[in-house]
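A.B. asks: I'll drop the sequence and a predicted model, then ask my questions.
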Amino acid sequence: MSSAKASYTKAELLAVMTSRLLEDKKTVFVGIGLPMAAALLAQLTRSPALSIIFEGGIIAPELKHGEMPLSTNEIRAGRRAMAFCDITDIFLYQQRGYIDYGLLGAAQIDQYGNINTSVIGDFHKPKVRLPGSGGANDIASSSTRVLITLIHEKRRFVEKVDFVTSPGYLTGNNSRVNSGLIFGGPFKVITDLGIMGFDQKSKRLKVEAIQSDATIQQIRDNTGFELLVADNLERIEAPTKDELRILREIDPEKVMLRGT
C-alpha cells in the first residue's frame, strides 16, 4: 500500500492504527464508533477472518458497509451473524478466554493503563459526569488483550485517574494479579501521537512507536506523567491511500467516527 498524500482526521488515524493491530483469525469485542470502524477496516485489509463480537450477544456478523448500525442492539448489527446469544453468555465466553481483543476508549488514562469514563473531579460532586462503564469494566477485566484508543492530551493522560472505571495494571508490578485479575490486561494504547505498550516488570506505559509527523517531545509535552521510552523507538507509517479509501467507503457519513 502506498502512503497517502491526502489529509486525514485524528479519528481516521486512530481507526487505521488500531486496525493494523487486529490479527487475522482472532475475535474482537467492539462497541459502536471507532472500534467498529477499526474492526471493519481490519477485515477488509489484513485480517479477513477476524470475528466481531457485540455486547448484546451478536457473534461474527457481516455488517453492510455504508449502512452502519447506530447501536450494537439494533437489527443491522446482527446482519448474517454466526450466532445470537444472551449478553450474560457473551461475558461468560470472555471470562473463559474465548475473546482475544477488547477495544476501549478513555476520558482519562494513567501510567498503569487504568481508565476513567465515569467522572471528572470528585465522584460525589463531579465537574463532569461521563457515561460510565457499560461493558468496559468487564472487557478490561477479562479480555486477553485490551487496546485503548484516545486523543493524546495532558488532560487525558493523568498521573492518577479521578475514578477507576476499568482496571489496567492498578498500581503496577503484580497488583493486577494480586487483586484477582489473573490474566489479560492493557496491551497497547493508540493515540494520534504514537503507540505505547507496558513495561514487563513495572507495568508502566512505554512509548514504542511515534506517528509519522510526531516527535517524542510532543508526546512528553502532552502527558501528565513521566513516560518510559523504548530503546528501539519505531516510526509509524502514515495511513495509506487504500486504507483511507476503504475506511471512508465503509462509513461515508462518518457515523462511526463522529465526535471521536
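C.D. replies: Everything's here; your move. Residues are numbered from 1 along each chain as shown.

A.B. asks: run through the stretch 101-250 of the chain and note the low-pLDDT ranges.
C.D. replies: Residues of the stretch 101-250 of the chain meeting the criterion pLDDT under 70: none.

A.B. asks: just the strands in it please.
C.D. replies: 101-104, 108-109, 115-116, 119-121, 126-129, 145-149, 186-190, 194-198, 205-210, 228-235 (DSSP state E, counting those that start in this stretch).

A.B. asks: mind putting those into a markdown table with distance to Tyr169 and mean neighbour count?
C.D. replies: In short, each C-beta sits where N, CA and C put it, glycine included. Output for the strands of the stretch 101-250 of the chain, formatted as a markdown table (distance: least, CB to CB, whole Å; neighbours: other CB atoms under 10 Å):
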| stretch | distance to Tyr169 | mean neighbour count |
| --- | --- | --- |
| strand 101-104 | 14 | 27 |
| strand 108-109 | 11 | 26 |
| strand 115-116 | 11 | 25 |
| strand 119-121 | 21 | 17 |
| strand 126-129 | 25 | 11 |
| strand 145-149 | 11 | 23 |
| strand 186-190 | 7 | 24 |
| strand 194-198 | 7 | 23 |
| strand 205-210 | 9 | 21 |
| strand 228-235 | 13 | 11 |
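
A.B. asks: redo these as a markdown table? Include distance to Tyr93.
C.D. replies: As requested, the strands of the stretch 101-250 of the chain are exported to a markdown table (distance: least, CB to CB, whole Å):
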| stretch | distance to Tyr93 |
| --- | --- |
| strand 101-104 | 12 |
| strand 108-109 | 26 |
| strand 115-116 | 22 |
| strand 119-121 | 30 |
| strand 126-129 | 31 |
| strand 145-149 | 15 |
| strand 186-190 | 19 |
| strand 194-198 | 25 |
| strand 205-210 | 29 |
| strand 228-235 | 34 |
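
A.B. asks: nearest to Leu44, of those strands?
C.D. replies: With CB to CB, the closest approach to Leu44 among the strands of the stretch 101-250 of the chain belongs to strand 101-104: 16.7 Å.

A.B. asks: which residues touch that closest one?
C.D. replies: The set of residues external to strand 101-104 that reach it, using CB atoms under 8 Å, 6 or more residues apart in numbering, is 18, 22, 26-31, 34-35, 38-39, 94, 115, 136, 139-140, 143-149, 166, 187.

A.B. asks: who does it pair up with?
C.D. replies: strand 27-30 (parallel), strand 145-149 (parallel) (DSSP bridges).

A.B. asks: quick check: which of these is nearest to Gly172?
C.D. replies: Among these, the nearest to Gly172 by CB to CB is strand 145-149 (16.2 Å).

A.B. asks: ok, and what's touching that closest one?
C.D. replies: Residues outside strand 145-149 that contact it (CB under 8 Å, 6+ apart): 14, 17-18, 21-22, 34-35, 38, 100-106, 109, 113, 115, 139-140, 184-191.

A.B. asks: looking at the strands of the stretch 101-250 of the chain, which is nearest to Arg248?
C.D. replies: The nearest among the strands of the stretch 101-250 of the chain, by CB to CB, is strand 145-149 at 18.4 Å.

A.B. asks: C-alpha coordinates for that closest one, CSV please?
C.D. replies: Provided in CSV are the C-alpha atoms of strand 145-149 (Å, rounded to 0.1, in the frame of the first residue of the first chain):
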residue,chain,number,x,y,z
ARG,A,145,-5.6,-8.2,25.2
VAL,A,146,-7.1,-4.7,25.6
LEU,A,147,-6.5,-2.0,23.0
ILE,A,148,-7.2,1.6,24.2
THR,A,149,-7.6,4.4,21.7
